[in-house]
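Novice: Just to be clear, the model below is a prediction. Sequence and coordinates:
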Amino acid sequence: MRLTITNLDFPFKQAFAHATATRFCTEGVLVKAESSKGVIGVGEGCPRKYVTGETIHTATSFFDSHRQTWEQFRSVEDLKSWMTTNSGAIDRNPASWCAVELALFDCWGQEQGQSIEALLNLEELTGQFHYSAVLGTESFATFQNQAQQFSALEFEDFKVKVSGNLETDHQNLAFLQHLPIKNLRIRLDANNLWKTADEAGDYLKNLNYPFLAIEEPLQEGDYDGCRQFSQQLGFPIILDESFLRIEQFQHVQKDPKSWIINIRISKMGGILRSLAIAEEAKALGIPIIIGAQVGETSILTRAALTVANHYRDILQAQEGAFGTYLLEHDITDPPLMFGKGGTLDPQTLRGHPGLGLILAESI
C-alpha cells in the first residue's frame, strides 16, 4: 500500500460566512491509498483551527509521522487495532486521520468488490436522504437570493446562522417566513456567539420564533450554561464544537432531552468514530444531526451517508451535499448533490465497491 497526501483548495462560487469565519474556498486534505494491484482509494479531511485545533500543516505533519506504519495495514482489523492504541493522537488530528481511514476503506472495498457498508458489516444504502438548507450571515441581498433558491427547490428544513445583530436576524427570519414554504422548520446556529445563558436567552426571546433547536449558543464546552439555556427556552441545544469525542457524553448523559449531537465525519475522526458516537447517542436517547464542514467535496458527502443510513431512527437532520451549488468544481464526476426538496437518492452508489465514486479526470 502506498499513501500520499495533497491539499484541497477548490474555490467557492461565493463566500460563506458565519459568526467565527468567512470562507472563500475549501480547506482540506486529500489522501490517496494505492494498492500493489494499482487500485486507488480516496479520503478527505477538513482541518479547522476553530473546531479541532488542526491546520493543513498539522494534518500533513501527522500524516508524514505515521504514513509508513499505515502503509503496512492489510485489513480493517489492523486499522482498528492501531486506532485503539493511538486514540490520543487521533483526538488531536481527527481530520487527517479521517482522510486516511476513508482512503483505506475505499481501496480495500474496491479490491474485495464490497461497498464500504459491506466492508464494515453494515446494511447497504437504502432510500432517499433529505438535507437541510443552510443560510449564512452575508449581506441581506445574499441571504434573500439564497433563501429564494432554496424555496424554489422546495426545501422545508433550514439551518440559519445568527449574526448577533438583532435587526439583521429579525430581517432575515421575517423574509424566510414570508416565502412560500409549506412546512417551514428552522434551527439556528450561533457559533459560540454569547457568553451567558441569560444573554443568549434574552436575544432568542426577542426573535420570537418557535425554533426547533439552536447550535452552540455559548462558549465551547459550557455544558452547564447550555443546559440552563435549554431549560429556559424549552428547546434542545445542538453540540458541535463542544462535542468531538465519545468521552464527552459524560457531560450530557444525565439529561438527554436537552441535547442533539452534530456528527461531522471529519470532525469526529472518520466513519468508525462517528458510528461509535451515534451508537452511544442512540443508547442514551440523544438525537443526532449528520453535519458537514463548509466546503466538503463529494467524498465526505458519501462517507456521511454510511452513518446517516445506519442511524435513521435518531437522525433529526442532515447537512451537506452542496457539491457544485457551492464549489466551482467537485472532486467527483458527477458530484453527489441534493436535488428538489433537498433529497439525494444514491442509487448509483448502492452495492458499488468502496465509496463507489468516480473521480474527475483532473484529480
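Specialist: Structure's in. What do you need?
Novice: The stretch 101-250 of the chain: helices as residue ranges?
Specialist: Here the stretch 101-250 of the chain has its helices, by DSSP state H, counting those that start in this stretch, at 116-119, 140-152, 166-177, 197-207, 223-233.
Novice: Correct me if wrong, but residue 349 is in a strand.
Specialist: No. Under DSSP: H, G, I helix; E, B strand; the rest coil, residue 349 sits outside any strand and is assigned coil.
Novice: Tally up the residues packed near it, please.
Specialist: Residue 349: 20 surrounding residues under other C-beta atoms under 10 Å. Glycine gets a C-beta too; all of them are placed from N, C-alpha and C.
Novice: related to what we said a few turns ago, of the helices of the stretch 101-250 of the chain, which is nearest residue 48?
Specialist: Nearest to residue 48, of all these, is helix 223-233, at 20.6 Å by C-beta to C-beta.
Novice: got a list of contacts for that closest one?
Specialist: Outside helix 223-233, the residues that touch it by C-beta atoms under 8 Å, 6 or more residues apart in numbering are 196-197, 200-201, 204-205, 214, 217-219, 236-237, 239, 242, 251-252, 255, 258-259.
Novice: likewise stretch 192-200?
Specialist: 19-20, 162, 164, 190, 203, 214, 216-220, 225-226, 228-229, 232, 241.
Novice: If we use 6 Å, what do you get?
Specialist: With contact meaning C-beta atoms under 6 Å, 6 or more residues apart in numbering, stretch 192-200 is reached by 19, 164, 216, 217, 218, 219, 220, 225, 228, 229.
Novice: looking at these, which has the most residues close by?
Specialist: For the contacts of stretch 192-200, the largest neighbour count, defined by other C-beta under 10 Å, is 28 neighbours, found at residue 217.
Novice: per the record, what domains does this structure have?
Specialist: The chain breaks down into these domains under automatic domain parsing: 2-113, 129-344.
Novice: By mean pLDDT, show me the worst of those.
Specialist: With a mean of 91, domain 2-113 has the lowest mean pLDDT of the domains of the chain.
Novice: circling back: with distance to residue 173 added, can I get the contacts of stretch 192-200 in TSV?
Specialist: Formatted as TSV, these follow (distance: C-beta to C-beta, whole Å):
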residue	distance to residue 173
19	16
164	14
216	18
217	16
218	21
219	24
220	25
225	24
228	24
229	19
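Novice: And the furthest pair within these?
Specialist: Using C-beta to C-beta, these reach their maximum pairwise distance at 19 and 228, which is 20.7 Å.
Novice: show me where the stretch 51-200 of the chain has strands.
Specialist: Shown for the stretch 51-200 of the chain, the strands assigned by DSSP state E, counting those that start in this stretch span residues 129-130, 133-135, 157-161, 185-189.
Novice: Of these, which is nearest residue 310?
Specialist: That would be, of the strands of the stretch 51-200 of the chain and by C-beta to C-beta, strand 129-130, which comes in at 12.1 Å.
Novice: mind listing what that closest one pairs with, with the direction of each?
Specialist: Sheet pairing for strand 129-130, assigned by DSSP bridges, gives strand 343-344 (antiparallel).
Novice: what residues does stretch 336-354 touch?
Specialist: Residues outside stretch 336-354 that contact it (C-beta under 6 Å, 6+ apart) are 41, 106, 109-110, 113, 115, 124-125, 128-131, 153-155, 298, 301-302, 321, 323, 356.
Novice: Just put the helices of the stretch 101-250 of the chain in JSON lines and tack on distance to residue 345.
Specialist: Output for these, formatted as JSON lines (distance: least, C-beta to C-beta, whole Å):
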{"stretch": "helix 116-119", "distance to residue 345": "16"}
{"stretch": "helix 140-152", "distance to residue 345": "19"}
{"stretch": "helix 166-177", "distance to residue 345": "27"}
{"stretch": "helix 197-207", "distance to residue 345": "35"}
{"stretch": "helix 223-233", "distance to residue 345": "35"}
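Novice: Please indicate which of those helices has the most neighbours on average?
Specialist: Most buried of the helices of the stretch 101-250 of the chain by mean neighbour count (mean count of other C-beta atoms under 10 Å) is helix 116-119; its value is a mean of 21.
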